[in-house]
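*Asks:* structure for this input, please:
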Amino acid sequence: MITNFKLKNLWIIIICLAVILWFLRNEFLPLPDKRLDPESLDFNLTSDEYIHKPVIISADEKINIEVFEKVHKAVVNIATTTLGLNFWMEIIPKEGQGTGFIVDHRGYILTNNHVVAKAQKITVTMADGRKVSAILVGRDPASDLAVIRIPPDYVEVTSIMGDSDTLKEGQKAIAIGNPFGLSHTLTTGVVSALNRSIRDEAGNQIDDLIQTDAAINPGNSGGPLLNSSSEVIGINTAIFSLSGGYQGIGFAIPINRAKQIATRLITSDSIARPWLGITGIPVSPELSRSLALKTKQGVLVIDVIRGAPAYEAGLRGGHREIILNGQRLRIGGDIILALNNHIVLNMQDLTFRINREKVGNSVNIQILRQGIPVEISVVLTEKP
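*Replies:* Take a look at the predicted model:
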C-alpha cells in the first residue's frame, strides 16, 4: 500500500522529470523528412519585416573610406631581391618587401632606405595587380629615405602632400601599406606625439619623428601616413616593439623633411647637410658644481674642428685638461646655451636644431664665455 508520503515524493519526481524534458525538448526534435525550401528560412525572407535598413556610416568611417579611395591607387607594394650567403657560403637570393607611394607623374616613388638597400632587383606591384620593374634613383641611409622610379605609363594617381609642420597631437592618422604582404591594408589611429628621436639598426639617429598608434607592422615600411584630408603627413618607418609585432607605438618621418631629401635625391647626386663642427658634453648640475660654472645646463664645447663653421665663427673649445670621476676632460671652452633662442640641453638638441637648417643659413648661438654671455653668428656649410 502506497503511503501519502511516498505518493507525494512520486509526484515531485514526475514534475521534476517533466520540467527537465520541457527544457530538453529541442534536443529530441526529429529531423525533417525532406530538405527545407531555402526561401522559407528566416534569414532569406524578403518580407517587409526582414528588409534590411540602410547601413549607417559614421562621419569617422566616411573619412576612412574617402581617404582610402583617393589614395590607395598611389600606394604600391615593393618586392626586392638581394644576394646573401647561406651556411655553405653559397650566394643565394633573399626576398624582402615593403611599401612606397607615387609622388610624381614621372614615376618617382618615395619609400624607406631599408626597404631597397642592397637590392639587386626591385619589383613594384600596382594597386590593380600589375607588376613592373623599378630602378633605384637614390637613397639616404642617414634619414632612411629612398626614391625609386617606374615608367610614367603606369602612373594613374599621385599622392597629395600635406604640411607636417602644422601637426598637433591628437590629430587623426591613417596608415596604408602592405603588412606581411597583405596588400593595401588600412589602419587608423592618432598622432600620439611629435619630435621623437630613435636610432635605426645601422646606428643612425633619426630625429623629429611623428609617433602614432595607427597599427604599423613589417611590410608597412615606406608607406604613407595620412591626415583626414587624404594628404600625406609622414612616411611610416619604424615601430617600437618587444615582440617584433605591433604594440601601439610607430614612427613616421615628417613629409616636409622627406620632400627636401627626395628633391635632392632626384635632382642631385648627394644630400647636403649643414654642420657646426664641434664636440661637446651636456652640462649637468654635478659638472656645474665641480667646475664652478655659472649655468646648470647647456653644452660644454670640448673641441672645435679646424676649418668648420664653428671654427670660422670663433667658437672656442677646451684648453686645459682635468680628470673628473676618472675621466680625462678638456675644459675652459664656451658653453652653448641656445641656438636661435631655442634652449640647448645636450648634443642631441644641438644636432636636431642644426639639421632643421639649410646649408648657407646663418644661425645665432648664445654662449657663456668665461661666465660672460656672448652671442655669435655662424654660417652653416655642407658637412664633409
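*Asks:* in this protein, where is pLDDT below threshold?
*Replies:* Low-confidence segments of the chain (pLDDT under 70): 1-7, 21-34, 45-53, 83-94, 201-203, 239-247, 269.
*Asks:* state which strand of it is the longest.
*Replies:* As assigned by DSSP state E, the longest strand anywhere in the chain is strand 185-199.
*Asks:* following the strand or helix carrying Ala262, which helix or strand comes up?
*Replies:* Under the criterion of DSSP states H and E, Ala262 resides in helix 255-267. Per DSSP H and E, the first helix or strand lying C-terminal to helix 255-267 is strand 274-275.
*Asks:* return the backbone torsion pair for Ile65.
*Replies:* Ile65 adopts backbone torsions of phi -60, psi -50, taken as degrees, to the nearest 10.
*Asks:* quick one: it and Val55 touch, right?
*Replies:* No: between Ile65 and Val55 there is no contact, the gap being 11.8 Å when judged by CB atoms under 8 Å. In short, each C-beta sits where N, CA and C put it, glycine included.
*Asks:* which strand or helix spans Pro373?
*Replies:* Taking DSSP H and E as the definition, Pro373 sits inside strand 372-379.
*Asks:* returning to what we had before: between Ile65 and Val55, point out the one with more neighbours.
*Replies:* Counted by other CB atoms under 10 Å, Ile65 and Val55 do not tie: Ile65 has more neighbours, with 12 against 6.
*Asks:* give me the neighbour count for the spatially closest residue to the more buried one that is not a sequence neighbour.
*Replies:* Of all residues not flanking Ile65 in the chain, Ile57 sits nearest, at 7.4 Å (CB to CB, 6 or more residues apart in numbering). Neighbour count of Ile57, defined by other CB under 10 Å: 10.
*Asks:* where does Ile57 land in three-state SS?
*Replies:* coil (DSSP: H, G, I helix; E, B strand; the rest coil).
*Asks:* quick one: it from Ile266, how far?
*Replies:* Going from Ile57 to Ile266 by CB to CB, to the nearest Å gives 40 Å.
*Asks:* swap in His319?
*Replies:* 46 Å.
*Asks:* how about Ile278?
*Replies:* Distance from Ile278 to Ile266, by CB to CB: 32 Å.
*Asks:* out of these two, which sits in the more crowded spot?
*Replies:* Each of Ile278 and Ile266 has its neighbours counted (other CB under 10 Å); Ile278 has more, 23 against 16.
*Asks:* bridging residues for the more buried one?
*Replies:* Val304 (DSSP bridges).
*Asks:* residue numbering should commence at 57 henceforth.
*Replies:* Got it, first residue is 57 now, which makes that one Ile334.
*Asks:* pretty sure it sits against Arg362.
*Replies:* No: contact criterion CB under 8 Å: Ile334 and Arg362 do not qualify, at 11.5 Å.
*Asks:* domains of the protein?
*Replies:* 113-327, 330-438 (automatic domain parsing).
*Asks:* would you list these in JSON lines and tack on distance to Ile70?
*Replies:* Conversion of the domains of the chain to JSON lines gives the following (distance: least, CB to CB, whole Å):
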{"stretch": "domain 113-327", "distance to Ile70": "57"}
{"stretch": "domain 330-438", "distance to Ile70": "85"}
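*Asks:* cheers, nothing more for now.
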